[in-house]
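**Student:** What shape does this take:
(4 chains)
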Number of protein chains: 2
Amino acid sequence: MTAPSKAFRSRIQQDDIYSIPIDDFFKSAFSVDCVIFGYHEKQLKVLLIERGTEPYGGYWALPGDLVYPSEDLDAAASRVLRDLTSLSDITTRQIHTFGKVDRHPLGRVITVAYAAIVEIQDIRPQASSWASDTKWHSIKRLPKLAFDHKEIVRSAYDAIKEYARYEPIWNEVLPKKFTLTQLQEFYETVLNKAFDKGNFRKKINTMKFVKALNESQKNVNHRPSALYSFDAKAFKDYRESDTLIEF
Amino acid sequence: MTAPSKAFRSRIQQDDIYSIPIDDFFKSAFSVDCVIFGYHEKQLKVLLIERGTEPYGGYWALPGDLVYPSEDLDAAASRVLRDLTSLSDITTRQIHTFGKVDRHPLGRVITVAYAAIVEIQDIRPQASSWASDTKWHSIKRLPKLAFDHKEIVRSAYDAIKEYARYEPIWNEVLPKKFTLTQLQEFYETVLNKAFDKGNFRKKINTMKFVKALNESQKNVNHRPSALYSFDAKAFKDYRESDTLIEF
DNA sequence: AAGACTTATTGTATTTGTTACAATTAGTGT
DNA sequence: ACACTAATTGTAACAAATACAATAAGTCTT
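**Tutor:** Numbers count the residues shown, from 1 in each chain, chains lettered A, B, ... in the order given. Reported below is the predicted structural model:
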C-alpha cells in the first residue's frame, strides 16, 4: 500500500471546508482488539494480556494491535490474537468500533472489537511479542484495564449474550458429546440466569439440531445422563426455515 | 492532533516482526457512511447522494466521508451527513465496520457504517459539498452503488429489522399522535411481513408505553380510529423491568 | 442384596400467548 | 335509512411457558 493517491489528496484539499491538510487524515491508524471469553465449569472469564510496552505498560489489556496496511480487518483479528497469545483457529465476530478521539494517549487510533467464546481447557494461551503475560480473568472482577478496554469488554459481553439467544455458540465450547445439564449450565452461566430443569429440556427438545445419541455417561455416581450432539445438517435446515427459537 | 508520538513509533518499529515502516501504518484513513432509511406511506427508501467527485464520480452512494483527525466517530457521522445532505438532528446508530483492503480504490480506508430511520416528509435533504444530488431510492430497487455500499445498505437493513423487533424506532417516524393502523403498516413495511389486525392490536395493548389518548381521527370517510402516543416514562419503566416484548 | 443417595427424566395442571377468523361498531356518503 | 369503509372486539383452537411433582437409573453404603 502506498501513500494516498493524488486524486484522493486533491479531492480533499479542494473541498474540505476546514482546510485540514491532507496529511493529517493519514496520521491516524486502526487497531483490532479481541475479547476472548473462556468458559469452564460454570465460570465465564476473559483472556487478558499484560502489556510489556508503553503506553499502559504493566496494565492488563485485551489482546489487540494495529492493523497492517494491507491486511483485512477480520484477518487482522486472527493475526493479532496469534501474535500476542499464540492462539490460532479461533473464529471471532466483529462487535463494535470504538473511536473516541482521546482513547489512545499517543495518537488517533480507532479500534474494531472482535469477540469469541471458547472452552478454557481447549486452548493454552502463551504470551509472545510485546505481551509479557496472559491470564484468564473472571468476568465479575476485572482489574483496571488499559485504554477503554473495560468498556469494550462490557460491550462484547452484551453482544455475546445476545448471540447466545439465537446462535448455538455452545457448539464451540462444549465437548462433542454433552449432556443437557452441561448445556443448561452453559446457558445459565453466560446469560447469568437460572432455568427450570424440566422446562429447559422441553425447549431443547424442540430444537432438532440438538440430537440425542444412543449413549450415556459412564462412571458417574448417580444416574447417568444421555449424551447429545450438535447436528450441523439439521441446524442448516433449521436456519433455512422460518421458525426461530430463542432463549 | 499531531503526528504519532515517538514512543508510539518506536514501539512498532522495535517489535513488528514484519518490519513495516511506521509511516505505513499512518497512511490509512477512516470514514463514516450513513444509511438513512426513509419511511412514508408503506414505502421504505434509502437516501443516496450522487457523487460529484472521483472516485466513482456520478455514481449513487451513501453519504459518507473521511473522519477528521480530532473528531469522534459518532460526531463524524452527524457532521458528514450534514455536510453532504444539509440534514441535522438525525441520531444514527453504529452498525458495522467494513475494512476490506481493496474496498477503496485510492487508498486504505475503513469505514464505519451508521444508520437511522426517519419520516421522509419530515426532512428535506439538499446536496452540498461534493454531493451533486440527493435522492430517496426504494430499498427494493437500488442502482449500482459506489464502493461496497450495496453491502453496507444490506447490512444496515438487516440491523434495522433487528432493532425494530425490540426498540420503538417508529417513535422517530410516526406523528406524535398515530393510529394503530399506522403503527401496523410501519411494522409491516420495515419487517416486510403481514400481521393480523386483531392480533396486532392485542400485542400492542400489552405494551404499556403505547398510550391510548382520548381522541380520534377527524375527517376520514369511515369509522375514525383512536389515537395513540408514545409514553416515554412508561417506556423507561418497561426497560427497567425484565419483561421484553418482541416482534 | 437392600436401601440410601444423587442426578436424570418424564409428567401434569395452570397460566399465558398465538393464531385464524368472525362479529360488531362508528363514522361518512348517497 | 341504507350502503360503505375501516376500527374494534370477541372467541375458539392451539401452542408455549411455568411451577412443581413423580419416577427412573445409576452408584455407594452397609
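
**Student:** Low-confidence stretches in chain A?
**Tutor:** A:1-27 (pLDDT under 70).

**Student:** Domain ranges for it, per the record?
**Tutor:** Following automatic domain parsing, chain A resolves into domains at A:6-166, A:169-240.

**Student:** now the ones you listed as CSV including distance to residue B:136 and mean neighbour count?
**Tutor:** Bear in mind the C-beta positions are built from the backbone N, C-alpha and C, glycine included. Shown next, in CSV, are those (distance: least, C-beta to C-beta, whole Å; neighbours: other C-beta atoms under 10 Å in any protein chain shown):
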stretch, distance to residue B:136, mean neighbour count
domain A:6-166, 24, 18
domain A:169-240, 33, 14
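
**Student:** Please identify which of those domains is closest to residue B:137.
**Tutor:** domain A:6-166 (23.9 Å; C-beta to C-beta).

**Student:** roughly how far is the closest one from the heart of the chain?
**Tutor:** Centroid displacement of domain A:6-166 relative to its chain, using C-alpha atoms, centre = their mean, to the nearest Å, is 10 Å.

**Student:** hey, where'd the helices end up in chain A?
**Tutor:** Using DSSP state H, the helices found in chain A span residues A:6-15, A:22-25, A:73-85, A:149-166, A:180-191, A:197-205, A:232-240.

**Student:** Nearest to residue B:34 among those would be which one?
**Tutor:** helix A:6-15 (17.7 Å).

**Student:** Mind putting the helices of chain A into CSV with distance to DNA strand D?
**Tutor:** Below are the helices of chain A laid out as CSV (distance: least, C-beta to the nearest atom of the strand, whole Å):
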stretch, distance to DNA strand D
helix A:6-15, 48
helix A:22-25, 51
helix A:73-85, 34
helix A:149-166, 12
helix A:180-191, 12
helix A:197-205, 3
helix A:232-240, 13
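
**Student:** Run through the residues that contact residue A:126.
**Tutor:** Taking C-beta atoms under 8 Å, 6 or more residues apart in numbering or on different chains, we find residue A:126 in contact with A:85, A:86, A:134.

**Student:** so what's the residue nearest the centre of chain A up against?
**Tutor:** Chain A has residue A:115 as the residue nearest its centroid, 1.5 Å off, counting by C-alpha atoms, centre = their mean. Contacts for residue A:115 (C-beta under 8 Å, 6+ apart) come out as A:34, A:35, A:36, A:37, A:92, A:93, A:95, A:156, A:159, A:160.

**Student:** about what we covered before: I'd like the helices of chain A laid out as JSON lines, including distance to residue A:46.
**Tutor:** As requested, those are exported to JSON lines (distance: least, C-beta to C-beta, whole Å):
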{"stretch": "helix A:6-15", "distance to residue A:46": "39"}
{"stretch": "helix A:22-25", "distance to residue A:46": "34"}
{"stretch": "helix A:73-85", "distance to residue A:46": "12"}
{"stretch": "helix A:149-166", "distance to residue A:46": "6"}
{"stretch": "helix A:180-191", "distance to residue A:46": "12"}
{"stretch": "helix A:197-205", "distance to residue A:46": "26"}
{"stretch": "helix A:232-240", "distance to residue A:46": "27"}
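
**Student:** Which one of those lies nearest to residue B:207?
**Tutor:** Per C-beta to C-beta, nearest to residue B:207 of those: helix A:149-166, 20.3 Å.

**Student:** Only C-alpha atoms, please: export the closest one in PDB.
**Tutor:** Provided in PDB are the C-alpha atoms of helix A:149-166 (Å, rounded to 0.1, in the frame of the first residue of the first chain):
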ATOM      1  CA  HIS A 149     -10.800  -1.800  27.300                       C
ATOM      2  CA  LYS A 150     -13.300  -2.100  30.200                       C
ATOM      3  CA  GLU A 151     -15.900  -0.500  28.000                       C
ATOM      4  CA  ILE A 152     -15.000  -2.800  25.200                       C
ATOM      5  CA  VAL A 153     -15.400  -5.900  27.400                       C
ATOM      6  CA  ARG A 154     -18.700  -4.800  28.600                       C
ATOM      7  CA  SER A 155     -19.900  -4.200  25.100                       C
ATOM      8  CA  ALA A 156     -18.700  -7.600  23.900                       C
ATOM      9  CA  TYR A 157     -20.300  -9.300  26.900                       C
ATOM     10  CA  ASP A 158     -23.600  -7.700  26.000                       C
ATOM     11  CA  ALA A 159     -23.200  -8.800  22.400                       C
ATOM     12  CA  ILE A 160     -22.300 -12.400  23.300                       C
ATOM     13  CA  LYS A 161     -25.400 -12.600  25.500                       C
ATOM     14  CA  GLU A 162     -27.400 -11.500  22.500                       C
ATOM     15  CA  TYR A 163     -25.800 -14.000  20.200                       C
ATOM     16  CA  ALA A 164     -26.300 -16.800  22.800                       C
ATOM     17  CA  ARG A 165     -30.000 -16.300  22.500                       C
ATOM     18  CA  TYR A 166     -30.200 -17.400  18.900                       C
END
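
**Student:** Report all helices and strands that that helix contacts.
**Tutor:** If you count contacts as 3 or more C-beta pairs under 8 Å, 6 or more residues apart in numbering or on different chains; DSSP states H and E, helix A:149-166 packs onto strand A:29-40, strand A:93-98, strand A:109-119, helix A:180-191.

**Student:** gap between the nearest residue to residue A:35 once chain neighbours are set aside and residue A:60?
**Tutor:** Excluding the flanking residues, the one nearest residue A:35 by C-beta to C-beta, 6 or more residues apart in numbering or on different chains is residue A:156, at 3.7 Å. Note on residue A:156: its distance to residue A:60, by C-beta to C-beta, to the nearest Å, is 15 Å.

**Student:** do residue A:222 as well
**Tutor:** Note on residue A:222: its distance to residue A:60, by C-beta to C-beta, is 40 Å.

**Student:** Wait, residue A:71 touches residue B:108, no?
**Tutor:** No - counting by C-beta atoms under 8 Å, residue A:71 stays clear of residue B:108, with 9.3 Å between them.

**Student:** hey, what's in contact with both of those two?
**Tutor:** In contact with both residue A:71 and residue B:108: residue B:101, using C-beta under 8 Å, 6+ apart.
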